[in-house]
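S.K.: Predicted model and sequence follow; I will ask about them next.
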Amino acid sequence: MDFLQERFPEAQIGALVNGDIEILVTKDEYLNVVKACLEAGYTYCSVVTAIDWKDRLTLIASLCRINPAEIDARNIHVKVDLPRTGAHVPSIAELCPGANFHERETYDMYGIRFDGHPNHRRILLPDNWQGGHPLLKDFIDKRPKRPRLVRHRYAE
Amino acid sequence: MEQTKELLVNMGPQHPSTHGVLRLMVKLDGETVTWCQPDVGYLHRCFEKLCESKTYPQVIPFTDRTDYAGPILHEMCFVEAAEKLFGEAITVPERAQYIRVLLAELQRIGSHLLAVGSMAMDIGAVTPFLYSWRDREKTYSLLERITGTRMLYNYFRIGGLRNDLPEGIIGSPNDGEDKSDQTFWGFVNYFDNYVMPQWDALVTGNRIFQWRTMGVGCLKSEDAIAYGASGPVLRGSGVKWDLRKNLPNSIYNRFEFDIPVGKENGDCFDRWLVRMEEMRQSSRIIKQCLQWLAENPGEVMGKVPRILKPPKGEVYHRVEAARGEVGCYLVSDGSPNPYKVKWRSPCFTHLQLMPKLCPGFKIADVVAILGSIDIVLGEVDR
Amino acid sequence: MVAWWNSLSPVAQAWIWGFGKATLILIWGLLNFAVAMMLERKLSAWIQNRVGPWRAGLHGWLQPIPDLLKLFLKEYIEPRNIDKPLFVIAPFIGFVMCLLIWLIIPIGPGAVAMNLDIGIIFIAAITGYDVIMIFMSGWGSNNKYSLLGAMRGAAQMISYEVTLVMSIIGVVMMAGSLRLSDIVDAQAARGPLGWYLLPQIIGFLIYLIASLAELNRAPFDLSEAESELVSGYHTEYSGFRWAVFALTEYIHLVGWSAIAATLFLGGWTGPTHADLAALVGNLVNGFGLFPNGAGTGLIDWANNAAVNMGWFAKWIWGFWWFAFKTYLFVFLAMWIRWTLPRVRIDQLMDLGWKFLLPVSLLNIFLTGILKFVATEYHGVPVNLGFTTLRLLGWWTN
């Protein structure tokens, strides 16, 4: 918390409803902020995900400090605003291996590219799936409609 | 000219022991694994996208279907996340909190029984798997009396529970094995006095089982933290971190229980022992719940508006589920539908450990390691 | 009938009697398969808190009939690019070999199909072919899993064959002959409780472990480890070919159990009705303390019956005890299978070569010394069994 305010004074620091810290940074500062958190002991990557506000995407990386003596641990959510198409950020998978699959999933679902990821492929959907990135709000499901079996025909 | 090549073996989506549709690509040099990569996505059911078109109460049955081995804990995560969004506007009655913890711990026992039974079966002892089903059936009977269904409950509600416990389900502390599928005290006594000693004698103390699991799949504690491990995998590597103590949700801070940890370089046997001991501790928590619940009747549903529209905000709520830390990143924009539900699943994160833990061991150990990490594909793929 | 038989030339008689014996062995094998398979399913169900087959008839005990019918009628699915000759022939090699084992096992006094004088070594030779069967089926299946299972199976069986034969040598030394009927007679000659179980206790335990490994049964069923390799070397077999594999496995199981019963538990010897009557008579007599009419009368009757027992009565008793002891071992093998987990291949090899083989050689050494002492110094009664146990106790203290 304090170390974040000292080192990155331009970033906006807020709080989530349950008390977790969120810090909104620019794309260029993202890697530095993550490195600062890792050095401060927040080495546990809880999740990497994104939110699709209709005009932009927000990448969220949640880091946590595992300290068995600490009760009421709070996460740090590092947030980056990104454009909806062509977004790419540096990957933190080398620094924090726990983010590996989560970054692949974020790529799969939102289309954000992670530069430097060792295995940059879709994870939940098939590798060669052409349908786009499903969790975007303007996603249209182009899969062909399968005929459904109709058990009862009501009088038309 | 002679050459030896590595054999690429596909422990494919259909396989008797990969706990679901998981594909593990393994390169073998003789019997030794040199590379291992999991391939997931065979059970992807678009959970997160679906939630965005449902209302908050309609999401709860979907959360059950992520982890179908211990669904109540996942329901708990979502319901508590939504309640956090409401903040002070909704208070959950105390009796509802105690019943939530009671069922959560019962599900933890059931889920761990499945995990240890499957691991024992993968290692070759088929009988313990059937014993774990025998005891899971008893939890099913209890849950059926309370919630109406045996497996996927849809019982928690935002603000409390669907209904109170039926009459007589708590029982009295002297209930024995004959009541183990009718009353909670019967189940707890049966579990402590019969089931746990049977597991200790039959599997944990079995030399062959110890040969197969000791020294296999060793995970150092710094690696465990770096790879995002949580739950028994993290505790099996010596890190005493349990979200029920370190970030208590609900009323876990009122209960007395211990956190078992393994040694610093935890192997499969450590994770096994952690699960065994966790079951005993869950049984302890259940007894404390039962004592409170027997004396304190009350409401189980708080005052909630008819159409649930949480105020705008984001919350990331984490709960200690049976397999690890399950997290729900819930974003609300004031409408009756959630704007975004991100389900952070522990097993998805644990699968990242497979490429790290497997190389160097034999193919028989791959199955043991997978069993000790304990994955449920519903949770991995959502 | 007898006249017709006597009119045949000896060659013809040998041929017809040979065919007859072979048919009897085939029928015996199939019957044992049915019983052993049902026993396995019902026993495993009992251990696992369920009922097993229930509906087929007589609470499921007639299940083999619909099972075999179904397997006869199933389609043969053959993968592409298999090595056809190997694939097709492999199951039948094992089947023939498991029936050959039954040639030399005595099931009654003087009742053995072929009293070969190489006896037990014949069986050791036969087991070599099972390795070939596993390897042929694994290779011929054109499947990585089958190949892995086959290689593991071949390595395992070859290792444990040596140990198996070594554990039997102790018994052969004590009986002085390789013929199984001679071994049984030697045990009978040692009197009641004269079975080789106690003197050769080390050999017995090693035989138990090694025979489970030879049979590819848990805890040594790595070559068909269901949770790792689907079905190992018989993954690609379907229908009747798979049934032949199952036949092979169960007939082998009963066969090796029969050998264990013959070598260590005295085969077909056992108390007859005469012995039982003598025992009751002695009890009534108080073992000579207070002789009375009833007790002495019973003992006399028993002695009379023992001397005048017809061939048929001896046969029936002999066969009953043989079957009982065999199925005791079958039960033990099944019990072990459903209780213990599986060992890994390198642990299996360590166990076989580094522990069981040296111990079996030690057993041979010990038997030799004790036999030498017993025969040289016949004034000094040396009971092999108790000496072994005492030595064991001293060593493991």
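M.R.: Yes, it's here.

S.K.: and the stretch 1-150 of chain B, which residues reach chain A?
M.R.: Residues of the stretch 1-150 of chain B found near chain A (Cβ under 8 Å from any Cβ of the partner chain) are B:V40, B:G41, B:H44, B:C46, B:E48, B:K49, B:K84, B:L85, B:G87. Just so you know, the C-beta spots here come from the backbone N, C-alpha and C atoms, and that holds for glycine as well.

S.K.: How many residues are close by C:A189?
M.R.: Counted with other Cβ atoms under 10 Å in any protein chain shown, residues neighbouring C:A189 total 10.

S.K.: Which residue would be the closest one in chain A to chain B?
M.R.: Here chain A gets closest to chain B at one residue, A:G98, 2.7 Å apart by Cβ to the nearest Cβ.

S.K.: Backbone dihedrals for the residue nearest to that residue when sequence neighbours are not counted, please?
M.R.: With sequence-adjacent residues excluded and distances taken as Cβ to Cβ, 6 or more residues apart in numbering or on different chains, A:G98 is closest to B:G228, at 2.7 Å. B:G228 adopts backbone torsions of phi 80, psi 20, taken as degrees, to the nearest 10.

S.K.: How about the contacts made by B:G228?
M.R.: Taking Cβ atoms under 8 Å, 6 or more residues apart in numbering or on different chains as the contact definition, B:G228 lies against A:Y44, A:C45, A:S46, A:P97, A:G98, A:A99, B:T349, B:H350, B:Q352.

S.K.: Enumerate the helices of the stretch 101-250 of chain B by residue range, in sequence order.
M.R.: Per DSSP state H, counting those that start in this stretch, the stretch 101-250 of chain B carries helices over the ranges B:127-147, B:184-190, B:196-199, B:207-213, B:221-226, B:232-236, B:243-246.

S.K.: For C:R50, find the nearest of those.
M.R.: Nearest of these to C:R50, taken as Cβ to Cβ: helix B:127-147 at 6.8 Å.

S.K.: Check which residues of the closest one are buried.
M.R.: Of the residues in helix B:127-147, B:127-133, B:135-136, B:138-140, B:142-143, B:145-147 count as buried by neighbour count, 16 or more other Cβ atoms under 10 Å in any protein chain shown.

S.K.: so which of these also contact chain C?
M.R.: Answer for those near chain C (Cβ under 8 Å from any Cβ): B:T127, B:L130, B:Y131.

S.K.: Next, the contact list for the first one, please.
M.R.: With contacts defined as Cβ under 8 Å, 6+ apart, B:T127 is in contact with B:L202, C:I47, C:Q48, C:W338, C:T339.

S.K.: which residue does the stretch 101-250 of chain C bring closest to chain A?
M.R.: For the stretch 101-250 of chain C, Cβ to the nearest Cβ, closest residue to chain A: C:K144, 22.7 Å.

S.K.: Please apply the same query to the stretch 101-250 of chain B.
M.R.: Closest point on the stretch 101-250 of chain B to chain A, by Cβ to the nearest Cβ, is B:G228, at 2.7 Å.

S.K.: Flag every residue of chain A that's near chain C.
M.R.: Counting by Cβ under 8 Å from any Cβ, chain A has no residue next to chain C.

S.K.: Go through the helix or strand hosting C:G170 and flag the buried ones.
M.R.: Element membership for C:G170 (DSSP states H and E) is helix C:144-175. Residues C:145-157, C:159-175 are the ones in helix C:144-175 that count as buried (16+ other Cβ under 10 Å).

S.K.: what element comes up after it heading to the C-terminus?
M.R.: Counting by DSSP H and E, what follows helix C:144-175 is helix C:180-189.

S.K.: Touching, A:E29 and A:R7? I think so.
M.R.: No. Taking contacts as Cβ atoms under 8 Å, A:E29 lies outside contact range of A:R7: 9.7 Å.

S.K.: Which of those two has more residues huddled nearby?
M.R.: Shown here are A:E29 and A:R7; by other Cβ under 10 Å, A:E29 has more neighbours (17 against 13).

S.K.: That one: what's it in contact with?
M.R.: Here A:E29 is in contact with A:F8, A:A11 (Cβ under 8 Å, 6+ apart).

S.K.: Check A:K54 too.
M.R.: A:K54 touches A:K137, counting by Cβ under 8 Å, 6+ apart.

S.K.: Kindly recompute the last result at 10 Å.
M.R.: A:R84, A:L136, A:K137, A:D138 (Cβ atoms under 10 Å, 6 or more residues apart in numbering or on different chains).

S.K.: Now do the contacts for the nearest residue to the third one once chain neighbours are set aside.
M.R.: Read that as A:K137. Nearest residue to A:K137 in three dimensions, chain neighbours excluded: A:D52, at 5.0 Å (Cβ to Cβ, 6+ apart). Each residue near A:D52 by Cβ under 10 Å, 6+ apart is listed here: A:58, A:84, A:109-111, A:133, A:135-139, B:52, B:331, B:339-340.

S.K.: The same query, at a cut-off of 8 Å, please.
M.R.: A:R84, A:Y110, A:L135, A:L136, A:K137, B:K340.

S.K.: circling back: hmm, B:K5 and the residue of the stretch 101-250 of chain C closest to chain A touching each other?
M.R.: No. In this structure C:K144 lies outside contact range of B:K5 using Cβ under 8 Å: 12.0 Å.

S.K.: coming back round to it: buried set for the helix or strand where the residue nearest to A:K137 lies?
M.R.: Element membership of A:D52 [criterion: DSSP H and E] is strand A:44-53. Going by neighbour count (16+ other Cβ under 10 Å), the buried part of strand A:44-53 is A:Y44, A:C45, A:S46, A:V47, A:V48, A:T49, A:A50, A:I51, A:D52.

S.K.: burial of whichever residue of the stretch 51-200 of chain B sits closest to chain A, as a residue count?
M.R.: Proximity of the stretch 51-200 of chain B to chain A (Cβ to the nearest Cβ) peaks at B:K84, 5.1 Å away. Burial of B:K84 is recorded as 21 neighbouring residues (other Cβ under 10 Å).

S.K.: Would you mind getting the angle between the helix or strand harbouring it and helix B:127-147?
M.R.: B:K84 belongs to helix B:71-86 when assigned by DSSP H and E. Between helix B:71-86 and helix B:127-147, the angle comes out at 50 degrees (axes from the mean of the first three to the mean of the last three Cα atoms, to 10 degrees).

S.K.: For helix B:71-86, output the C-alpha coordinates as PDB.
M.R.: Coordinates of the C-alpha atoms in helix B:71-86 are reproduced here as PDB (Å, rounded to 0.1, in the frame of the first residue of the first chain):
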ATOM      1  CA  PRO B  71     -20.700 -27.700  -4.500                       C
ATOM      2  CA  ILE B  72     -21.800 -26.000  -1.300                       C
ATOM      3  CA  LEU B  73     -18.500 -24.300  -0.900                       C
ATOM      4  CA  HIS B  74     -18.700 -22.800  -4.300                       C
ATOM      5  CA  GLU B  75     -22.200 -21.600  -3.700                       C
ATOM      6  CA  MET B  76     -20.900 -20.000  -0.500                       C
ATOM      7  CA  CYS B  77     -18.300 -18.100  -2.400                       C
ATOM      8  CA  PHE B  78     -20.700 -16.600  -4.800                       C
ATOM      9  CA  VAL B  79     -23.400 -15.800  -2.300                       C
ATOM     10  CA  GLU B  80     -21.000 -14.200   0.100                       C
ATOM     11  CA  ALA B  81     -19.500 -12.100  -2.800                       C
ATOM     12  CA  ALA B  82     -22.900 -10.800  -3.700                       C
ATOM     13  CA  GLU B  83     -23.700 -10.100  -0.100                       C
ATOM     14  CA  LYS B  84     -20.500  -8.100   0.200                       C
ATOM     15  CA  LEU B  85     -21.600  -6.000  -2.800                       C
ATOM     16  CA  PHE B  86     -24.800  -5.200  -0.900                       C
END
